[in-house]
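> make a model of this:
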Amino acid sequence: MAKQTSSTEKEPLPKTLSLLPLRDFVPLPGLMVPVYIRAGVGSEAVDYALSRTEYIILCWQIGDNDGPLGPRDLSKVGALARVINCVILPNGDMKVRFHVLSRAKITSVVQFEPFVKVKVSHLTEESVVEVTSETQALMEIVRGSFGIIAGDEAGSDDLLQAQKEIVDPGHLADFVISSLGVPPEDAQPVLEEFEPIKRLQLVSEMLVRQVTLFETKERILKKANEEFGKAHHEELLREQMRQIQKELGDAADAESEIGVIRDKLKKVKLSPAIREEADRQLRRLSMMHPDSSEAALSRTYLDWIADLPWGKRSKDNLDLNVAARVLDEDHFGLEKPKERILDFLGVRKLKKDVRGPILLLVGPPGVGKTSLGRSIARALGRKFVRMSVGGLRDEAELRGHRRTYVGAMPGRIIQGLKSAGTSNPVFILDEIDKIGSDYRGDPASVLLEILDPEQNAEYDDHYLGVPFNLSQVMFIATANRTDTIPGPLLDRMEIIELAGYTNEEKLEISFRYLIPRAAEENGLKDCAPEIPQKAVKFLISGYTRESGVRDLSRMLQTVMRKAGRLKAEGFEVPEVINEALIEKFIGPIRYPEQEKMQQDEVGVVTGLAWTPVGGETLMVEAEVTPGSGKLNLTGQMGDVMRESAQAALTYVQAHAEQFAIDNEVFAKCNIHIHVPQGAIPKDGPSAGIAMATALVSLLGKRKVRWDVAMTGEITLRGRVIAIGGLKEKALGAMRAGIKTVVYPKANMPDLGEFPQYLLEQINFVAVEHLDEVLEVALCPVENSGKKKNARV
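Model prediction:
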């Protein structure tokens, strides 16, 4: 066992020393460190050291802070150094050479300005180190690893010789780390270890990792050289083939085109299987006559392979505040869809490999389904692709055509990804409820694979013949209704309903989006006329009947277009467009406001109906005439409504005594139920209680409240059962000025999705039986007045 000594005790030092922060390296004992110091940046610390004892503390600065330093910017352990020489340049900068003497633990910071002064401890190295056989073996491992890493570097012979002469374990560890130029974040732990043996072990572990990385790089480089040799040989053979073709008189343009395709394929990151298929097609193309149809087919195929975004992804913007602001900028209202998108972003921020959701936006035309998809793409920072599948009947439009004839093309999904240039765009599938099928296949079945996260990671397009990953695409489908979508396809999507807008919301949307856009698109951005709120309300109520804002946008475009024409003809554009000018520009009111029933009547009930363009009120009228007990139904009622009328009549007839109705009426009179606007077909299972209420009112001679509307189906036992589209119907009731809506109690959970303003403006009454409906809808007997209802 041998004993070696290291550094001796230093001369007494002052209690405080100046500190020079270093960014590029960590000072280790034994180094001679040249440092270039700019004037005013650390020069005060050097001046202070020169004016005292020439000693200074060198410390690695954590981070890139260019401002005033704080406690977190300095490492806890630095190094004691001595200024060897200092050269002051003409511009005030310094070139200083330091001799690093020992480690120094910073115990406290005395000051930060104008330079850093600190108190330190542990200014001496351990004086005696026992070099055991284990320590000697560890030193040999470090020397061997150092020799492997530094073997090919310039000046390595001198370094190897120098490290062989070092017998102290701690000095060897410091010498190796400083010689290899280890990054500061890796060298700092070595500086912070005061125990020589532990320091050597730390360096040994670090070198083992470096040797493994070094050997891996060497292996990769060797393999790359072998591949390069093979590629060079293939290029030589191709050049010979080009020369042969040139001698034979073949056109050089074909080979030039093949070279361009080959270069494009080299730049694309393809999987081994796809790369093999592309190389096979490229070899076939090189052996074909350039003017043959097969050559044209192969060239087109290779162009598609080279142009598709294999693995190219746009980076998601996962800032939830920015995304929320973008969604609010583009759309007014639509809180539930916005919340769902922000939920997705929140999950994506926490889990990077989350699969893209498949959303189905359902709502009437013009409520912003497609534009919401565009806003989602803008909020995420993704590309946007839109494809309409309405009326699509040929599955090859989605799946692609097989490469058996000239003109074959990939499916529209792959075409959309090529136009986007990334593999993770926001992809809108518009009008998915209108997709069809015939002898050419069933496109809805293809969509089952496209929209299934478990299958679309290896989507098979018939034209490509190789799998393409669709799992990162965010698919969003839109539809006006869900009953026409096949069940298995609907099961793969998350449904978000967009019920429509109230007149107040339409007014806000007009001033925020529609009017400024109409003015800009018609050349009136700088001189747009003012349209007051009263005029916009007149336009909404008199010229539009929709849940969305598409017709309203067209009307505003017409108004601005007329004003733009006046400007183009040299006339003065009116400053304010009032109701009279709107009628002049567009024409007479299209939907005159019907006279509202402002008084209670007998036999007239306000029902609620769902239509593809939103909810509407539906008047149900009943009357009796002399006859033989027949039930007449008019107004283009469908089979379901006719059955509801029969069930309502049966219930009323069975409980005639309860409702104070003379049973002879059913035998001596005909009962007529009519739903106005007979030119419009009507059907659905939600008019039962309205018809029953009309019959009880008519035959019992009791008036019905004019401000009550109702929706619900009735059974032969008088029970009121659930219906659909309650939110759309409630919005229609609000537009019509209805104050009370009677609905089935089974639909109570639907109220949780209603906006607050709807719940505040309408009193919703949940019922389970027709008796509860009549209690709300019929006026008390004493207020019913006298009215003859039956003509016997």
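> what's the burial count for Arg348?
For Arg348, the neighbour count with other Cβ atoms under 10 Å is 17. (C-beta placed from N, C-alpha, C; glycine too.)
> residues contacting the residue nearest to the spatial centre of the chain?
For the chain, Leu380 is the residue whose C-alpha lies nearest the centre (Cα atoms, centre = their mean; 4.3 Å). By Cβ atoms under 8 Å, 6 or more residues apart in numbering, Leu380 lies in contact with 316-317, 323, 345, 426, 474.
> in strands, which of the residues you listed appear?
Among these, the residues falling in strands (DSSP state E) are 426, 474.
> narrow the contacts of Leu380 to just the buried residues.
Among those, those scoring as buried are 316, 323, 345, 426, 474 (criterion: 16 or more other Cβ atoms under 10 Å).
> can I get the contacts of Leu380 in TSV with pLDDT and distance to Glu227?
TSV is the format used below for these (pLDDT from 0 to 100; distance: Cβ to Cβ, whole Å):
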residue	pLDDT	distance to Glu227
Asp316	80	35
Asn317	80	39
Ala323	84	45
Leu345	77	42
Val426	89	39
Met474	85	38
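> ok, the contacts of Leu380 vs Ser553, which is closest?
Val426 (23.0 Å; Cβ to Cβ).
> secondary structure element for the closest residue to the closest one other than its chain neighbours?
Closest residue in space to Val426, ignoring its immediate chain neighbours: Ala377 at 3.8 Å, by Cβ to Cβ, 6 or more residues apart in numbering. Taking DSSP states H and E as the definition, one finds Ala377 inside helix 369-380.
> what angle do helix 369-380 and the following helix or strand past that helix make with each other?
Of the helices and strands lying after helix 369-380 in sequence (DSSP H and E), the nearest is strand 384-388. Strand 384-388 and helix 369-380 are oriented at 160 degrees to each other (axes from the mean of the first three to the mean of the last three Cα atoms, to 10 degrees).
> who does strand 384-388 pair up with?
strand 426-430 (parallel) (DSSP bridges).
> for the partner strand, C-alpha coordinates in CSV please.
Below are the C-alpha coordinates for strand 426-430, written out as CSV (Å, rounded to 0.1, in the frame of the first residue of the first chain):
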residue,chain,number,x,y,z
VAL,A,426,-57.8,19.1,-38.5
PHE,A,427,-59.9,17.2,-41.1
ILE,A,428,-63.6,18.2,-41.6
LEU,A,429,-66.0,15.6,-43.0
ASP,A,430,-68.9,17.8,-43.9
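> not counting its neighbours along the chain, what's nearest Val559?
Phe585 (5.2 Å).
> tally of neighbours for the one you found?
17.
> same question, Gln161
Using other Cβ under 10 Å, Gln161 has 9 other residues around it.
> what's the spacing between it and Val131?
Using Cβ to Cβ, to the nearest Å, Gln161 is found at 20 Å from Val131.
> again with Leu649
Separation of Leu649 from Val131 (Cβ to Cβ): 110 Å.
> go on, Leu270?
As judged by Cβ to Cβ, Leu270 and Val131 stand 57 Å apart.
> what's the answer for Leu451, then?
Using Cβ to Cβ, Leu451 is found at 70 Å from Val131.
> same thing with Asp600?
From Asp600 across to Val131, the span is 110 Å (Cβ to Cβ).
> Ile689 contacts His769, doesn't it?
No. Counting by Cβ atoms under 8 Å, Ile689 sits too far from His769 to count as a contact (9.8 Å).
> what's the overlap in contacts for those two?
Here Ile689 and His769 share the contacting residues Val720, scored by Cβ under 8 Å, 6+ apart.
> out of the two, which sits in the more crowded spot?
Each of Ile689 and His769 has its neighbours counted (other Cβ under 10 Å); Ile689 has more, 32 against 16.
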